[in-house]
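Visitor: got a predicted structure plus its sequence, pasted below:
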Number of protein chains: 2
Amino acid sequence: MLHSPKRLFVGRALRTDRLGETLLPKRLALPVFCSDPLSSVAYATEQIVLVLGLGGLGMLRLTPWLALAVVALLAIVVASYRQTCHAYPNGGGAYAVSRDNLGVRAGLVAASALLVDYVLTVAVSVVAGVAAITSAVPALAPHAVGLSLVSVVLLTVVNLRGVRESGRAFAVPTYGFVAIVLVLLAVAGVRLAMGQTMTAASAAYGLVPVHGTGGLLTFFLALRAFASGCTALTGVEAVSNGVPSFEEPKARNAAATLTIMGALAITMFVGITALAVATHVRMAENPAQLVGLPAGQEQRTALSQIGLAVFGGGPAFYLLQGFTAAILILAANTAYNGFPVLASLLARDGHLPRQLARRGDRLVFSNGIVLLAAVAAVLVVAFDADVTRLIQLYIIGVFVSFTLSQAGMVRHWIRELRSLPETRSRRRARRSQAINAAGASATAVVLVLVVVTKFTHGAWIVVIAMPLLYVLMTRIRRHYDTSDAEAAPRPGGVTLPSRVHAVVPVVKINEPTLRTLAFARAIHPDDLVAITVRVDPVETDRLSTEWARRDIPVALTVLDSPFREITEPLLDHVRSIRRRSPRDVVCVFVPEYVVGHWWEALLHNQTALRLKTRLLFQPGVMVTSVPWQLASSHAAMDSEDRDPVGVG
Amino acid sequence: MLHSPKRLFVGRALRTDRLGETLLPKRLALPVFCSDPLSSVAYATEQIVLVLGLGGLGMLRLTPWLALAVVALLAIVVASYRQTCHAYPNGGGAYAVSRDNLGVRAGLVAASALLVDYVLTVAVSVVAGVAAITSAVPALAPHAVGLSLVSVVLLTVVNLRGVRESGRAFAVPTYGFVAIVLVLLAVAGVRLAMGQTMTAASAAYGLVPVHGTGGLLTFFLALRAFASGCTALTGVEAVSNGVPSFEEPKARNAAATLTIMGALAITMFVGITALAVATHVRMAENPAQLVGLPAGQEQRTALSQIGLAVFGGGPAFYLLQGFTAAILILAANTAYNGFPVLASLLARDGHLPRQLARRGDRLVFSNGIVLLAAVAAVLVVAFDADVTRLIQLYIIGVFVSFTLSQAGMVRHWIRELRSLPETRSRRRARRSQAINAAGASATAVVLVLVVVTKFTHGAWIVVIAMPLLYVLMTRIRRHYDTSDAEAAPRPGGVTLPSRVHAVVPVVKINEPTLRTLAFARAIHPDDLVAITVRVDPVETDRLSTEWARRDIPVALTVLDSPFREITEPLLDHVRSIRRRSPRDVVCVFVPEYVVGHWWEALLHNQTALRLKTRLLFQPGVMVTSVPWQLASSHAAMDSEDRDPVGVG
């Protein structure tokens, strides 16, 4: 089974009845579903400092307050999503919750938001991970795009193998990152307690304000910094989407995992932000803002500057950078879990192409995984692997889906309460409803803040992309509805065609042509004719002569073609047969070369392909390919003998 | 006939017997075949000044001597190609001449060189033309890539219309450019005679040398400048390729056109170079070399600086820039004439895919035109529309084909001389041979110079691309040879299959399925079976029940599929039929949805397509598509009713 490259990378095919085996215990679910929210502490602080820095050094004193606001929001959202885990043990993604409670349209809005956001999660996380690497090894900075693309490919391969193996592969980096950050905080605490001062390298640089700081402007800048800090919340919803992947009791395990994640994320975010303030980290969107930064030198990430200040270089610093890079690149994995499942739900509901609803032979939705990877790779290249530019597009989608999903939960509890007579359950439901309402309001406010403060900085791209996706999904659904209605069996039943006319186009007398003629004769049609089109008179005369000489038992008809077109005269001929006897069916037999390499396919069948495509538009015509296997195709047949990646 | 967008842009289809009408008189042949060599005077001088500038101001005094060397070389090459026009009245492209006289391998080397070079001609000319525009209107500089791509598209459309219309469309810019440059030289001459001084804007800048100037280094830099100046020679061979497009007497008209072109090119090149020296134009590869150039400001082209100095702005200056842009963009047209013809010759000899040998319905080789445009567009984008970077790849191909073609001519005359008894013809042949020998030696020497001096500056890309193309073309030829041999009719003749087994895969009971069953029954197979694959047991049970309820007169077989694969169980079934009775043929009937829009195609038939592809690899199987036309396909059928561009 391991003879094909696909098996080597993806592993052997898994039987459908092994689906149950891929359930996750909490200790594996945490890295699989929480690497995204945990890893975002690696850049959330930096984003706050970066935006505040636009207003100059004085603005940086707002950092702790903004961080506190982010923490409060995170706590509310975690509490809110715990309710979703309990209410939707079969997976309470924003799509399902919004659709069930707020209607199909709201569901599709949430779905558009999530699809965009999953793609951005992959792009942002991978690029930020690579930034952690280049902060440790500045010599790699020029290869950021290449390194990011390699990471995307690796993630794709791991995920095509299936979710269980992913959980294992990702436990080490996630727990490693959490551990090294806690060590960082502990060491820093001890050093502070001992009265040592720790200073970031950038503390020595001056910072030129580029943003006005009059009352309203300052306020607006603070809001924008808060919006950027909210990247810490991305990915919180992944756990509630993934409830069905948890071991029993699914809902309780999922809710517990959410709480653990929330506690860890808050601890790390608060600690890192405190250290950023204590070590005087300075960052700038445009390096020209930093007075003293040597020309041409890249800024290191905030976390790497803190690491350097606390650990003073050495192995601990490189461990920090290594685990940061690892968890960030793997955070993209949250999207690799979420996107294909969401796409399959949408495909099952007819909003996306049906092939996204099919599980591949490793029990994962291979087509969705490949699609996600492709779009994310395009983003990485288009934005030149620049975190600060990519992050502008990020989190709009998250907050749209947060808001819709929690609003949907409020509605959910209203319905539940109608049918709940018992007092204790009612009280619990009321409490859940209150929590969800708080979550929905808070995230709705933040959504408005994010759109307003980031719109001109790139967020407009997302504001355009989401409605486009929405329209696309509605149109796909409409198309499926129409075509299903058209194709529905009709009451009268189908009448059998009266007669079968066989037509064989001929270009050259060779074995494929002769075999096609033999196959056409084998079905004993009521009428059989070979047709050649005269483009070059000399060649056609030669063909007719050889036809006669070989005594081929089928009449050869020659059609004229003053415009050198081959397809059109043949189509005219087929049409004329159908005109004469509309109740008959015409069967056109086309010889087709089968080759071993894709590039060889470009060398054959171009005319045949074109003819077949045109014939398909003619009613009452069937097109029969008679394959002629070239020797080179035999090798390809063996390696084709199992399902190639992603088409499944 | 004008109802499709293609007809609107490309014009109505032309009958084969109108091929004779597209011949060109000299006055139209000059713009069609000579816009490339004539236009290159717009940048050849600049390239010399640019490279010499690397050595500092002192090096610039070598300019006149290098220009003189280029002129001498141009005169030799023009004289040499005149011989080719007479010897090859049916078109003496480097490919034909090298193949006939030096063998197939030399022919393919020349062809690889020419193909690469045609693509670069399009890219360099278009980009240089856009540089002329941005020199006149600096505000357009940021849109260079977009403007270049628009130009490529325009050229493509014009050329898809056919060569005669092209000749007319291109006469005005070519003659306009020649006229305005001659006016420029005349005005400058008068102003100099009147003792006025004319100074280029860049004359005021300092020039920092960045290249060592010790004896050998200076010599090497001068050689590199000469190699860059040789861009003036590109495109000289186009006339000899195009002899068959000339009016009778073809050979003499072509040779005369070559001479006129040579005289014009030399006059303009000498004049522009003299003015560059007189007005002290300074150019630099890296703008940082120029002391005094305002930061962020783009350098104007050398010709535009001269124009500004001589005309002092005003309408004459804008006319110069306009005609320069026009002729440069149209110079790409030489390649649009040469590439498709060469590709068709190579395709006819089996070295390139056969569809490149077919004339489209406007009598031009549409596929070659589209291919050329696509590759050139990729180059423009990849090199960011930067003339100086693109020009490094240029002219290696030209000089490879120059050398081979002229060496081939020397060999040609050796053969001719053997069969020529008469004294006067012998003397003429000897003279021609001597001219060609001089040309071959001169261009061979320059080829070595170009490769050595430009290799590290980007020319290595071409040094890799040419052998790759050579290998590709040999492999394509080998493939065609093998497949023709395999497909040759066998002495025994073809035996008719004993029986026909029909197989109809079923997913769902709807009209397309029922009709496919009806068509399958219509051919009266010896054996007919409907097959469904059990992926979801619930759905399969529902299908079986409905099958029974509807009383469908064909047996339904259910196949198991533990790995959720649909294709493999069906293939196994087909294989088992063939194993039981190897002399029979299996006919698989697949319903296929026919849609109106390309995106709808993504929503259907994915499983059918996959199944059909796999079935083609099975011997003794034919695959019959039974199309089901959705309502949306009817509109598409009308617009498809004539041949779309390029697939012809």
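Guide: Yes, it's here.

Visitor: correct me if wrong: A:V529 contacts A:V558.
Guide: No: using C-beta atoms under 8 Å, A:V529 is not in contact with A:V558, being 11.2 Å away. C-beta: built from backbone N, CA, C; applies to glycine.

Visitor: end-to-end on stretch A:358-370?
Guide: This stretch, stretch A:358-370, spans 13 Å end to end (C-alpha to C-alpha, to the nearest Å).

Visitor: now do it, average pLDDT.
Guide: Average pLDDT, stretch A:358-370: 72.

Visitor: equivalent analysis for stretch A:411-420, please.
Guide: pLDDT averaged over stretch A:411-420 gives 88.

Visitor: now do it: distance to the chain's middle.
Guide: Relative to the centre of its chain, stretch A:411-420 is centred 34 Å away, using C-alpha atoms, centre = their mean, to the nearest Å.

Visitor: the residue nearest to A:V145 when sequence neighbours are not counted: what secondary structure?
Guide: Ranked by C-beta to C-beta, 6 or more residues apart in numbering or on different chains and with sequence neighbours excluded, the top spatial neighbour of A:V145 is A:A385, at 4.5 Å. Per DSSP: H, G, I helix; E, B strand; the rest coil, the secondary structure class of A:A385 is coil.

Visitor: then A:S625?
Guide: strand.

Visitor: most distant residue from the middle of chain A?
Guide: In chain A, the greatest distance from the average C-alpha position (C-alpha atoms, centre = their mean) is reached by A:R549, at 61.3 Å.

Visitor: quick one: buried residues of the helix or strand A:L217 falls within?
Guide: Using DSSP states H and E, A:L217 sits in helix A:215-229. Buried residues in helix A:215-229, defined by neighbour count with 16 or more other C-beta atoms under 10 Å in any protein chain shown: A:T218, A:F220, A:L221, A:A222, A:L223, A:R224, A:A225, A:F226, A:A227, A:S228, A:G229.

Visitor: who's in contact with that helix?
Guide: A:44-45, A:47-48, A:50-52, A:54-55, A:59, A:62, A:66-67, A:69-70, A:211, A:213, A:391, A:395, A:446, A:449-450, A:452-454 (C-beta atoms under 8 Å, 6 or more residues apart in numbering or on different chains).

Visitor: got phi/psi on the residue nearest to A:V145?
Guide: phi 50, psi 40 (degrees, to the nearest 10).

Visitor: A:G55 - that's part of a strand, no?
Guide: No: using three-state DSSP, the assignment for A:G55 is coil, not a strand.

Visitor: so it versus chain B, what's the distance?
Guide: Going from A:G55 to chain B by C-beta to the nearest C-beta, to the nearest Å gives 27 Å.

Visitor: I'd say that residue and A:P209 touch.
Guide: Yes: counting by C-beta under 8 Å, A:P209 is a contact partner of A:G55 at 5.5 Å.

Visitor: between the two, who's got more neighbours?
Guide: A:G55 (23 against 15; other C-beta atoms under 10 Å in any protein chain shown).

Visitor: and that one, what pLDDT?
Guide: 86.

Visitor: list phi and psi for it.
Guide: phi -90, psi 10.

Visitor: related to what we said a few turns ago, OK, contacts around the residue nearest to A:V145?
Guide: Contacts of A:A385 by C-beta under 8 Å, 6+ apart are A:V127, A:V130, A:A144, A:V145, A:L147, A:S148.

Visitor: quick one: the helices in the stretch 251-400 of chain A?
Guide: Per DSSP state H, counting those that start in this stretch, the stretch 251-400 of chain A carries helices over the ranges A:302-311, A:314-348, A:366-382, A:387-390, A:396-418.

Visitor: tell me which of these sits most buried.
Guide: Counting by mean count of other C-beta atoms under 10 Å in any protein chain shown, helix A:302-311 has the highest mean neighbour count of the helices of the stretch 251-400 of chain A, with a mean of 26.

Visitor: could I get stretch A:302-310 in PDB with only the CA atoms?
Guide: Output in PDB follows, covering the C-alpha atoms of stretch A:302-310 (Å, rounded to 0.1, in the frame of the first residue of the first chain):
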ATOM      1  CA  ALA A 302       8.200  42.200  21.100                       C
ATOM      2  CA  LEU A 303       8.200  38.800  22.700                       C
ATOM      3  CA  SER A 304      11.700  38.000  21.400                       C
ATOM      4  CA  GLN A 305      12.900  41.300  22.800                       C
ATOM      5  CA  ILE A 306      11.400  40.500  26.200                       C
ATOM      6  CA  GLY A 307      13.000  37.000  26.000                       C
ATOM      7  CA  LEU A 308      16.400  38.500  25.300                       C
ATOM      8  CA  ALA A 309      16.000  41.000  28.200                       C
ATOM      9  CA  VAL A 310      14.900  38.300  30.700                       C
END
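
Visitor: just how off-centre is that stretch within its chain?
Guide: With C-alpha atoms, centre = their mean, you get 32 Å for stretch A:302-310.

Visitor: same question, stretch A:87-95
Guide: Here stretch A:87-95 is found 20 Å from its chain centre; the criterion is C-alpha atoms, centre = their mean.

Visitor: try stretch A:73-84
Guide: Relative to the centre of its chain, stretch A:73-84 is centred 25 Å away, using C-alpha atoms, centre = their mean.

Visitor: buried ones in it?
Guide: For stretch A:73-84, by 16+ other C-beta under 10 Å, it's A:L73, A:L74, A:I76, A:V77, A:V78, A:A79, A:S80, A:Y81, A:R82, A:Q83, A:T84.

Visitor: before we move on, back to that, any shared contact partners between A:G55 and A:P209?
Guide: Joint contacts of A:G55 and A:P209 (C-beta under 8 Å, 6+ apart) do not exist.

Visitor: quick one: A:P64 and A:A274 touch, right?
Guide: Yes: in this structure, A:P64 is within contact of A:A274 by C-beta under 8 Å, at 7.5 Å.

Visitor: ok so, going back, let me know the closest of the contacts of A:A385 to B:L469.
Guide: Of all these, B:L469 sits closest to A:V145, with 28.2 Å by C-beta to C-beta.

Visitor: check which helix or strand covers that closest one.
Guide: Short version: A:V145 belongs to helix A:144-161, going by DSSP H and E.

Visitor: list the buried ones in that helix?
Guide: In helix A:144-161, counting by 16+ other C-beta under 10 Å, buried: A:144-145, A:147-149, A:151-152, A:155-156, A:158-161.

Visitor: what do you get for stretch A:173-184?
Guide: Of the residues in stretch A:173-184, those buried (16+ other C-beta under 10 Å) are A:P173, A:T174, A:Y175, A:G176, A:F177, A:V178, A:I180, A:V181, A:L184.

Visitor: the very next helix or strand once past the helix holding A:V145 to helix A:302-311, inter-axis angle?
Guide: Next in sequence after helix A:144-161, counting helices and strands by DSSP H and E, comes helix A:163-193. Interaxial angle, helix A:163-193 versus helix A:302-311 (axes from the mean of the first three to the mean of the last three C-alpha atoms, to 10 degrees): 50 degrees.

Visitor: so what touches the helix or strand following helix A:163-193?
Guide: Using DSSP H and E, the next helix or strand after helix A:163-193 towards the C-terminus is strand A:206-207. For strand A:206-207, contacts defined as C-beta under 8 Å, 6+ apart pick out A:G53, A:G56, A:L57, A:R282, A:A284, A:Q289, A:L290, A:V291, A:G292.
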